[in-house]
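Novice: Attaching a predicted model along with its sequence, questions to come.
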Amino acid sequence: MAGQHFEVPRLEGVSQEHFMQHLYPQRKPLVLEGIDLGTCTSKWTVDYLTQAGGRKEVKIHVAAVAQMDFISKNFVYRTLPFDKLVQRAAEEKHKEFFISEDEKYYLRSLGEDPRKDVADIRKQFPFLEGDIKFPKFFKEEQFFSSVFRISSPGLQLWTHYDVMDNFLIQVTGKKRVVLFSPRDAQYLYLSGTKSEVLNIDNPDLAKYPLFSKARRYECSLKAGDVLFIPALWFHNVISEEFGVGVNVFWKHLPSECYDKTDTYGNKDPTAASRAAQILDRALKTLAELPEEYRDFYARRMVLHIQDKAYSKNFE
């Protein structure tokens, strides 16, 4: 049994005012076409990036298989000069490699000190700054990070959520993106912010039977498309060609809601982390009871959470 499938809506020529007043409040994914992104969509070829980036060292993920898994960590971290990374990521087979001749490469740019600094393409790749314009659909003070990404053809990233709103700008190449609503979290077999279900197109339903209930939202991105991914929406990204993308994250909530140590945009808000710790303590307390009582009071707690915390407004 497969879950419901939906196409992510595509809209062309959306103004900042229309987006903020009518589309943004719906908190649903949307592909925006025809946004002025600057010259990057035509300029960022393999040759141009190789020449512009030069020998700047970058830290990358290298995987022997197409489906990258951040739970089992089925990849290694390596360092390459930027020009070499671009050349290798654009190849199907490699003369030079770390693991195998058909290994996959993935760059997710980092801040100068990844423990303290967020990624910002304008700071880490200043030679590209003049080529790209970010959609000005949020206030400058809400800006959190801009992440430069390069993917080998066929590479698939694990399903995960971020805690901030996000524009995924597809600069060159094609991507297929599958998204799942935050409301379907209970069907995704989560480990932290990530789903254990790697093969979303042909899942092992004996192992993950509830996954078939998850509603699936899908879109194909081509050069120049911008996908709005609201905070907490799960997304799985497949690079159908060698491609370059830039994610722009911004703070949807007041700044004080977010974890001050978060440089990736994926640590739960501080109130959510505190609530999880309190729940862990409550469950340890329940464990002092015999099984029959523990079961009864745990069910009452679930009902209490449903009654007090679940929203009826989101579908």
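Specialist: Happy to help now that I have it. Numbering: from 1, shown residues only.

Novice: Could you chop the chain up by domain?
Specialist: The chain is divided into the following domains under automatic domain parsing: 5-257, 270-308.

Novice: Point out where this protein drops to low pLDDT.
Specialist: 1-2, 313-315 (pLDDT under 70).

Novice: how about the helices in it?
Specialist: 16-18, 40-43, 46-53, 82-89, 121-124, 126-129, 270-286, 291-308 (DSSP state H).

Novice: Out of those, the one nearest Trp158 is which?
Specialist: Closest to Trp158 of the helices of the chain is helix 82-89 (CB to CB; 18.5 Å). C-betas here are computed from N, CA, C, even on glycine.

Novice: Quick check: which helices or strands does the closest one pack against?
Specialist: With contacts taken as 3 or more CB pairs under 8 Å, 6 or more residues apart in numbering; DSSP states H and E, helix 82-89 sits against helix 46-53, strand 57-63, strand 104-108, strand 143-151.

Novice: give me that answer again for 6 Å
Specialist: Packing partners of helix 82-89 (3 or more CB pairs under 6 Å, 6 or more residues apart in numbering; DSSP states H and E): helix 46-53, strand 57-63.

Novice: on that earlier part again, kindly reformat the domains of the chain as JSON lines containing distance to Tyr264 and mean neighbour count.
Specialist: Output for the domains of the chain, formatted as JSON lines (distance: least, CB to CB, whole Å; neighbours: other CB atoms under 10 Å):
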{"stretch": "domain 5-257", "distance to Tyr264": "8", "mean neighbour count": "17"}
{"stretch": "domain 270-308", "distance to Tyr264": "15", "mean neighbour count": "11"}
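
Novice: For Lys95, give its distance to Leu37.
Specialist: 34 Å (CB to CB, to the nearest Å).

Novice: again, but for His304
Specialist: Taking CB to CB as the measure, His304 falls 48 Å from Leu37.

Novice: Please apply the same query to Ala206.
Specialist: With distances taken as CB to CB, Ala206 is found 44 Å from Leu37.

Novice: before we move on, what about Leu210?
Specialist: For Leu210 relative to Leu37 (CB to CB), the value is 39 Å.

Novice: do Asn236 as well
Specialist: 24 Å.

Novice: ok, now which ones touch Asp268?
Specialist: Counting by CB atoms under 6 Å, 6 or more residues apart in numbering, Asp268 makes contact with nothing.

Novice: now the helices and strands packed on helix 82-89 in CSV, with distance to Lys139?
Specialist: Shown next, in CSV, are the helices and strands packed on helix 82-89 (distance: least, CB to CB, whole Å):
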stretch, distance to Lys139
helix 46-53, 30
strand 57-63, 30
